[in-house]
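S.K.: What would the 3D arrangement of this be:
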Amino acid sequence: MPRMKWLVLAALLLANLAAAAGIRVPPLFTPAQVAASGLTEAQAEQLALLAARHDGFKLGKHGMFIEKNAAPVEGVYSFTLQYDSTQALATQVLGWYLVSRSTGNVIEGHKCTRFDFAGLRKIQTGISQRTGKQIGDESGLLDRLC
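M.R.: Here you go, the predicted model:
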């Protein structure tokens, strides 16, 4: 087999192994790590994963992955939680998580619902202290997204 075919085959194998391993969730950031300008993409992704875990998804499951998408409105990060099974013909989108850059407000885009649970509220309070923005300041965010 020519060398190029081996390289392509190896690249595909590595990509499949990476997706197969599931999502490795890093430790949650601290409010002190949040800039006054708001969350980084990586911090927003951590909040999306926190919400997905709260939704009951097993993030470490073989084939699970999260992907950043184009944000529907400015100031929001967009992520989809997906599951890729060798038995299915297509990748299944399990959840669409929209995260506010300035407050950490997390919305499930398919259901048009805002997440509100103790672990998330705690980090959101710290984010608000760093950015000076409150979730109440985003009262129209849900309307603009849904």
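S.K.: and the nearest residue to T91 once chain neighbours are set aside, what does it touch?
M.R.: Of all residues not flanking T91 in the chain, D84 sits nearest, at 4.7 Å (C-beta to C-beta, 6 or more residues apart in numbering). Any C-beta I mention is one placed from the backbone N, CA and C, and that applies to glycine too. Residues in contact with D84, defined by C-beta atoms under 8 Å, 6 or more residues apart in numbering, are 19, 63, 65, 91-92.
S.K.: Pull the number of nearby residues for L47.
M.R.: 25 (other C-beta atoms under 10 Å).
S.K.: ok so, going back, compute the distance between the residue nearest to T91 and K61, please.
M.R.: Separation of D84 from K61 (C-beta to C-beta, to the nearest Å): 11 Å.
S.K.: Could you do K111 as well?
M.R.: On the measure of C-beta to C-beta, K111 and K61 end up 21 Å apart.
S.K.: and if you look at T80?
M.R.: Distance from T80 to K61, by C-beta to C-beta: 16 Å.
S.K.: show me where pLDDT drops low in this structure?
M.R.: 1-21 (pLDDT under 70).
S.K.: now the strands for it?
M.R.: 64-69, 76-83, 92-100, 106-108, 113-114 (DSSP state E).
S.K.: Name the stretch among those that sits most buried.
M.R.: Of the strands of the chain, the one with the most neighbours on average (mean count of other C-beta atoms under 10 Å) is strand 106-108, at a mean of 22.
S.K.: so what strands line up beside that strand?
M.R.: Applying DSSP bridges, strand 106-108 is found paired with strand 92-100 (antiparallel), strand 113-114 (antiparallel).
S.K.: For those, could you give me CSV that also reports distance to L50?
M.R.: Formatted as CSV, these follow (distance: least, C-beta to C-beta, whole Å):
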stretch, distance to L50
strand 92-100, 9
strand 113-114, 14
